[in-house]
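Undergrad: Mind looking at a prediction? Sequence and model below.
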Amino acid sequence: MSSIRYTPATICAIATATGRGGVGVIRVSGRDLLPFAAALSGGKTITPRYALYTDFLAADGSAIDNGLLLYFPAPHSFTGEDVLELQGHGGPVVMRMLLSRCVELGARLAEPGEFSRRAFLNDKMDLAQAESVADLIDAASESAAKGALKSLKGAFSDEVHALVDGLITLRMLVEATLDFPEEDIDFLKAADATGKLEQLRQRLEKVRATARQGAILREGMHVVLVGQPNVGKSSLLNALAGDDVAIVTDIAGTTRDTVREEILLDGVPMHIIDTAGLRETEDVVELIGIERTWQAVERADLALVLVDSQEGVDEGLERILARLPTGLPLVFVFNKIDLTDGQPEQDTHNGHPSVYLSAKTQAGVDLLKARLLQMVGFSAGAEGVYLARARHMDAIGRAAEHLTLAATGWQQIEIFAEELRLAQNALSEITGEFSSDDLLGVIFSRFCIGK
Ligand SMILES: Nc1nc2c(c(=O)[nH]1)N(C=O)[C@@H](CNc1ccc(C(=O)N[C@@H](CCC(=O)O)C(=O)O)cc1)CN2
Ligand SMILES: Nc1nc2c(ncn2[C@@H]2O[C@H](COP(=O)(O)OP(=O)(O)OP(=O)(O)O)[C@@H](O)[C@H]2O)c(=O)[nH]1
């Protein structure tokens, strides 16, 4: 009897940040790495999961560096394969020489996310957990990091699994009746199929609400800033950002141009598009920028309309407001109340919420913060949030739609069964049990190299 077994290539990468560092780590993953480790260390005895202090040797036996060698035998490693770690001195030249030595010993350079992808393929973690590894590394605030860690430890996946299990149980019930068409409806009624479906829908809505907060933590909220010159835009942004002002989120793929600002609002990234950049111009390059800015405006979550309390809303402001997408939620901010003897308070203006404040004295800034977070559905504290991605929200949304269709069409058993199946598939995309190779490729390629 013969069996063909696929042997994954041995991969290697520098796992630590590029540049100078006290210590630099190279990670190697593959099958049967003991000979690899022996060649590097000159045949020293290697105890699994114990640090071995050793020279890392070149082919001619000379030392490239000395450091700590770690060997994690499969399956008890990050990837589930044999893993070696070379913890050397973290200079770029030393690291590159060590990496070349690994390639000489038969490893190839890892693609972005390839270690995490192997961890996923070897069932060390599911897709949502693998994504949270990247999110933890990219986290722009403490709250985001906490949320990512929660997902990494499986809190989000557990919720999704519980829903999928519930759906499977319900589907078994429904599919059983397909075999006995005469009594199907009565059978489902007796088994309270719709009651069970309703429970699942409520549970899904809870997960959705928590995940939505997590998505805001991760993706941030997109805010259009409208206001005449000198109304206090910069002052307000500083007041909102508070102590976080020095932290600027750096989300891959977004080009930073002059009309954008990023601040953290109680740990929530806020991407601000400044409409001051949206002036009339003939300049071709500027026109392209303006076009892009309008596209961003289309996707905004809300507009912050800044008004000088002494001046009120004028024509110039009205003109910009008229160009904003219909239905975009507005918050009017009447600034500089310290000059008008006004009190910090919440009110409404033309049916939109408004806040009276002073960016200078900070009076009323908390009212605005609370208002903004509330308007994007983010409640204070947000403990227990898992860091969901847009991909997860999309899958949850589709699952919810299918459950709604199942609820309305349940008397047609085939439809009922089919919608439940589709809902289950949508949820399984989150944990990766039901995902195409293409999707996996896209997800992992966005990781950094060495992860
Ligand atoms: N030096 C080092 N530090 C690191 C990592 C690493 O790869 N190397 N990590 C990289 O992300 C994170 C830790 N992640 C890890 C996840 C699993 C295992 C591991 O050995 N798992 C085994 C054994 C589990 C156990 O003993 O309970 C397993 O899952 O079977 C190691 C690191 C952060 N710190
Ligand atoms: N008294 C008072 N002055 C304020 C307040 N907010 C801003 N200012 C002042 O108003 C002036 C303009 O403030 P900025 O924050 O630079 O206004 P801006 O809208 O960013 O201005 P441009 O970038 O020129 O459009 C500055 O002198 C600020 O100190 C406030 O709440 N009270």
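TA: Great, that's in hand. Ligands and ions are numbered 1, 2, ... in the order given.
Undergrad: how about stretch 295-306: buried residues?
TA: Applying a neighbour-count criterion of 16 or more other CB atoms under 10 Å, one finds Ala296, Val297, Ala300, Asp301, Leu302, Ala303, Leu304, Val305, Leu306 buried in stretch 295-306. Yep, even glycine has a C-beta here, placed from its N, CA and C like the rest.
Undergrad: Find the residue closest to the last one in space, skipping its chain neighbours.
TA: Closest residue in space to Leu306, ignoring its immediate chain neighbours: Gly227 at 3.4 Å, by CB to CB, 6 or more residues apart in numbering.
Undergrad: hmm, back to that, reformat the buried residues of stretch 295-306 as CSV; add secondary structure and distance to ligand 1.
TA: Listed next are these as CSV, based on DSSP: H, G, I helix; E, B strand; the rest coil; distance: CB to the nearest ligand atom, whole Å:
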residue, secondary structure, distance to ligand 1
Ala296, helix, 34
Val297, helix, 39
Ala300, coil, 36
Asp301, coil, 33
Leu302, strand, 37
Ala303, strand, 41
Leu304, strand, 39
Val305, strand, 45
Leu306, strand, 44
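Undergrad: residues in contact with the residue nearest to Leu306?
TA: Lys233, Thr275, Ala276, Val305, Leu306, Val307, Leu317 (CB atoms under 8 Å, 6 or more residues apart in numbering).
Undergrad: Please name every helix or strand in contact with the helix or strand hosting Ser116.
TA: If you go by DSSP states H and E, Ser116 is part of helix 114-121. Packed against helix 114-121, as judged by 3 or more CB pairs under 8 Å, 6 or more residues apart in numbering; DSSP states H and E, are the following elements: strand 11-14, strand 21-30, helix 127-138, helix 437-445.
Undergrad: Among those, which comes closest to Asp186?
TA: helix 127-138 (39.4 Å; CB to CB).
Undergrad: Next, the angle helix 114-121 makes with that closest one.
TA: Comparing the axes of helix 127-138 and helix 114-121 via axes from the mean of the first three to the mean of the last three CA atoms, to 10 degrees yields an angle of 150 degrees.
Undergrad: And ligand 1, is the following helix or strand past helix 127-138 touching that?
TA: Next along the chain after helix 127-138, taking DSSP H and E as the criterion, comes helix 142-152. No. On the criterion CB under 6 Å from any ligand atom, helix 142-152 is out of touch with ligand 1, staying 9.2 Å away.
Undergrad: Go through the helix or strand following helix 142-152 and flag the buried ones.
TA: Where DSSP H and E defines the elements, the next helix or strand beyond helix 142-152 is helix 155-178. Across helix 155-178, burial judged by 16+ other CB under 10 Å covers 155-157, 159-161, 163-164, 166-167, 170-171, 173-174, 177.
Undergrad: quick one: contacts for Asn425?
TA: Phe434.
Undergrad: give me phi/psi at the residue nearest to Leu306?
TA: phi 170, psi 150 (degrees, to the nearest 10).
Undergrad: quick one: low-confidence parts of this structure?
TA: Residue ranges of the chain with pLDDT under 70: 1-6, 181-183, 243-259, 277-278, 379-384.
Undergrad: ranges for the strands of it?
TA: 11-14, 21-30, 52-57, 63-72, 82-90, 108-109, 221-227, 260-265, 268-274, 302-308, 330-335, 345-349, 352-356 (DSSP state E).
Undergrad: partners of the third one, with directions?
TA: Same thing as strand 52-57. Using DSSP bridges, strand 52-57 pairs in its sheet with strand 63-72 (antiparallel).
Undergrad: So the helix holding Ser116, near ligand 1 or not?
TA: No. Helix 114-121 stays clear of ligand 1 (CB under 6 Å from any ligand atom), getting no nearer than 7.7 Å.
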